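*Asks:* Any chance you can model this:
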Amino acid sequence: MPETVYRFNSADKKLIERIVDDANVNINHMVLPQGAAMPEHFSNSNVYLIVVRGEMTLRLGEEAEQAYPAGSIVNVPFNVKMNIGNTREDVLEFFVVKAPHPKDMQR
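*Replies:* Next up is the predicted model:
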């Protein structure tokens, strides 16, 4: 079999897991309950945030906070300040796809 299968966990509590970390791409899976957030940080690659459950609250740079429901894919360019959180009652679940792999990005 030439394929590789990657698995991710199902959760309602805070969960951060690295799913794929190879030469081409970095994919993380995250679950945030109400009130949880990721630490403020700068994107270290071209980032795609894929919302699969709940609603993501996202602030980029100095822009106003925006909400993105399940079914949204948000592209965040390299080196942009990000604030990701869940201000809603429902659990937020999303994937973070970084391509190219952050190690290939130049600062």
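
*Asks:* from here on, contacts and neighbour counts on C-alpha atoms
*Replies:* Will do.

*Asks:* can you pull out the strands in the protein?
*Replies:* Using DSSP state E, the strands of the chain run over 15-21, 26-32, 41-42, 47-53, 55-60, 66-69, 73-76, 81-85, 92-98.

*Asks:* So what touches the fourth one?
*Replies:* Strand 47-53 is contacted from outside by 68-78, 91-99, using C-alpha atoms under 8 Å, 6 or more residues apart in numbering.

*Asks:* Can you tell me which of the strands of the chain is most buried?
*Replies:* Highest mean neighbour count of the strands of the chain: strand 92-98, a mean of 23 (counted as mean count of other C-alpha atoms under 10 Å).

*Asks:* Please compute how far stretch 8-18 lies from its chain's middle.
*Replies:* 12 Å (C-alpha atoms, centre = their mean, to the nearest Å).

*Asks:* could you dump it to PDB, C-alpha only?
*Replies:* Extracted C-alpha coordinates of stretch 8-18, given in PDB (Å, rounded to 0.1, in the frame of the first residue of the first chain):
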ATOM      1  CA  PHE A   8      -7.000  12.200  15.000                       C
ATOM      2  CA  ASN A   9      -8.900  12.000  18.200                       C
ATOM      3  CA  SER A  10     -12.500  13.000  19.000                       C
ATOM      4  CA  ALA A  11     -12.900  15.200  22.000                       C
ATOM      5  CA  ASP A  12     -15.000  17.900  23.700                       C
ATOM      6  CA  LYS A  13     -12.200  19.000  26.100                       C
ATOM      7  CA  LYS A  14      -9.200  21.100  25.000                       C
ATOM      8  CA  LEU A  15      -7.000  19.100  22.600                       C
ATOM      9  CA  ILE A  16      -4.000  20.100  20.500                       C
ATOM     10  CA  GLU A  17      -2.400  17.400  18.500                       C
ATOM     11  CA  ARG A  18       0.100  17.300  15.600                       C
END
